[in-house]
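> any chance you could fold what I've pasted below:
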Amino acid sequence: MDKHDEMAALAILIHDLRKHKKVTLNELAERIGRSVGFLSQVERGLSRPTMADLTAISEALDVPTNYFYNLPKAKALHWVTRPGERRTLYLAGGITDIMASPTLQGTFTLLESVLEPGASSGERQMSDRSEQGGYVLEGQLTMWLGEEESCTTLYPGDAFQIPSYARLRYANQGDTLTRVLWVYT
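Predicted coordinates for the structure are as follows:
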């Protein structure tokens, strides 16, 4: 799938989940602190949500964030994924997320995030029901954690672990590509 097809697939997932949960566009927009117009554009595949938006949508609709990483096709080995089989989300703010886990049925999920120079999860902190950890593979990742936004920059080989519902935002403030392997419970 190309970027346009992935954005359309994400739009359908968000729209269908919202309808299934019987939440109006106005209610969801209010819950996530965004305009109805923006949310409508996301659901029509005209705008990309940031990672913070996607996390807020998942919390507002009571699903884990990894709900939006449905794998597009069955594989020969259900416990292995190959690069061409992975679901990819192209998010606003210069972030590409690639679902590395072969299934969402286990107790954890693997996700590779690729952040362009200057990419950011958004200005607002996000909170996810999942405990999460990560390992910086390449580049640098600046993270702001908690209400007082303690800040640190991680480099290749650095790892982190964040408890459930911790307030977080992150960015690539460097001038090279950043790759991070995330683990979500």
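
> rest of the way, CA atoms for contacts and neighbours
Fine.

> which parts of the protein belong to which domain?
3-68, 83-184 (automatic domain parsing).

> turn the ones you listed into JSON lines, including mean neighbour count and mean pLDDT.
JSON lines is the format used below for those (neighbours: other Cα atoms under 10 Å; pLDDT from 0 to 100):
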{"stretch": "domain 3-68", "mean neighbour count": "18", "mean pLDDT": "88"}
{"stretch": "domain 83-184", "mean neighbour count": "18", "mean pLDDT": "91"}
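
> from Gly84, how far out is the spatially most central residue of the chain?
Nearest residue to the geometric centre of the chain (Cα atoms, centre = their mean): Met51, 4.5 Å. Applying Cα to Cα, to the nearest Å, the value for Met51 to Gly84 is 23 Å.

> and if you look at Val42?
Look at Val42 and Gly84: by Cα to Cα, they are 25 Å apart.

> what about the strands in the chain?
Under the criterion DSSP state E, the chain contains strands at 88-91, 95-99, 109-115, 132-138, 141-145, 150-154, 159-162, 168-171, 178-184.

> packing partners for the fifth one?
Applying 3 or more Cα pairs under 8 Å, 6 or more residues apart in numbering; DSSP states H and E, one finds that strand 141-145 makes contact with strand 150-154, strand 168-171.

> of those, which approaches Val180 most closely?
When the helices and strands packed on strand 141-145 are compared for distance to Val180 using Cα to Cα, the nearest one is strand 150-154, at 10.1 Å.

> who does the closest one pair with, and is each partner parallel or antiparallel?
Using DSSP bridges, the strands paired with strand 150-154 in its sheet are strand 141-145 (antiparallel).
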